[in-house]
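> Could you work out the structure for the sequence below:
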Amino acid sequence: MLHLGSIGDTSLDVDVSFLILCVFFVAMNYDANQGIQYALVWIPVVFASVLIHELAHAAMIAILGFGSSQIVLGGMGGVTMNRRDARPWQDLLISLAGPLSSFALMGMSLYAMGHYIAVYRDPMLNALVPRMAAANYFWGMFNLIPLSPLDGGHATREFFRIFLSERLSFVIATWVGLIVGIGVVVWGLLTRDVFIALFVGWLVYAAYERWQYFRKHGIPGD
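Numbering: from 1, shown residues only. From the prediction side, this is the model:
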């Protein structure tokens with residue numbers, strides 16, 4: 001684990017698995033005709049996209065009065081840790097802050113594509129900004145899939161907890177996640193997106209395991 005420092009009151013650490021994630025994106029997007037420099041653009045894109053997403057969680061946590069947080073960037077993106085005793089509506093806002101920040105960054109990138117890139121015509125800028133828009137669209141949508149530990153899974157459960165018991169909220173959120181998750185896996189297979197199919201399939205399997213645990217022992221921890 002590498003400690004990068006702090007942003008305000010938020011501590012920032014990077015796990016070695018995050019470096020592997022960056023290498024994966026570079027390898028997947030390497031094109032010998034373009035050169036390695038265009039594939040390397042994915043490193044700042046992934047770093048900035050995941051960091052801003054997690055900083056949005058940390059900012060909402062601070063706004064709601066729960067103090068400082070710790071951000072760890074890892075192989076699955078990032079996680080923002082904070083010891084808090086939040087109400088369901090507060091946890092809902094915290095969960096949604098990340099995807100909303102991703103869509104905001106996507107919007108700013110699209111705006112830049114339409115107003116600045118055409119003017120400056122810088123090759124690296126032309127490579128960076130569209131990738132930033134695409135990455136944040138993907139990261140925002142992916143995190144809204146209602147499966148734990150994704151933001152969508154937490155948000156779905158906390159939304160129902162506003163109106164229903166914790167037990168019933170868990171049941172509904174789990175089945176919503178399973179149904180949507182299976183749909184995403186099928187979509188991934190039909191479009192030959194093996195990464196999405198395998199990764200979401202793993203999350204679906206984990207959700208099913210939590211359901212089995214729930215039937216025997218009660219609500220498991222996230």
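> CA only for contacts and neighbour counts going forward, please
Fine.
> Heading C-terminal from the lowest-mean-pLDDT helix or strand in the chain, find the next helix or strand.
Lowest by mean pLDDT, DSSP states H and E among the helices and strands of the chain is helix 118-120, with a mean of 59. Downstream of helix 118-120, the first helix or strand assigned by DSSP states H and E is helix 123-143.
> Show me which residues of the next helix or strand after that next one are buried.
Next in sequence after helix 123-143, counting helices and strands by DSSP H and E, comes helix 151-163. By neighbour count on 16 or more other C-alpha atoms under 10 Å, the buried set for helix 151-163 is 151-161.
> With distance to Arg167 and pLDDT as extra columns, can I get those in CSV?
CSV is the format used below for the buried residues of helix 151-163 (distance: C-alpha to C-alpha, whole Å; pLDDT from 0 to 100):
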residue, distance to Arg167, pLDDT
Asp151, 19, 96
Gly152, 18, 96
Gly153, 15, 95
His154, 14, 94
Ala155, 15, 97
Thr156, 13, 97
Arg157, 10, 95
Glu158, 11, 96
Phe159, 13, 97
Phe160, 10, 96
Arg161, 9, 95
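> Which one of those is nearest to Thr80?
Asp151 (11.1 Å; C-alpha to C-alpha).
> wait, doesn't that closest one sit right on Asn143?
Yes - contact criterion C-alpha atoms under 8 Å: Asp151 and Asn143 qualify, at 5.3 Å.
> Quick check: neighbours shared by the two?
Common neighbours of Asp151 and Asn143 are listed as Pro99 (criterion: C-alpha atoms under 8 Å, 6 or more residues apart in numbering).
> Now do the buried residues in stretch 130-137.
Going by 16+ other C-alpha under 10 Å, stretch 130-137 has these buried residues: 130-133, 135-137.
> starting at the chain centroid, how far to it?
Chain-centre distance of stretch 130-137: 13 Å, with C-alpha atoms, centre = their mean, to the nearest Å.
> For that stretch, which outside residues touch it?
Residues contacting stretch 130-137 (C-alpha under 8 Å, 6+ apart): 42, 45-46, 49, 102-103, 105-110, 113.
> Quick one: buried ones out of these?
Buried, going by 16+ other C-alpha under 10 Å: 42, 45-46, 49, 102-103, 105-107, 109-110, 113, out of these.
> just those now: which is nearest Asp85?
Once C-alpha to C-alpha is applied, the member of the buried ones among the contacts of stretch 130-137 that ends up nearest Asp85 is Ser102, at 25.7 Å.
> Using the three-state scheme, assign the closest one.
helix (DSSP: H, G, I helix; E, B strand; the rest coil).
> show me the contacts for it.
49, 52-53, 136-137, 139-140.
> how about those in TSV, adding pLDDT?
Below are the contacts of Ser102 laid out as TSV (pLDDT from 0 to 100):
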residue	pLDDT
Ser49	96
Ile52	96
His53	97
Asn136	97
Tyr137	96
Trp139	95
Gly140	96
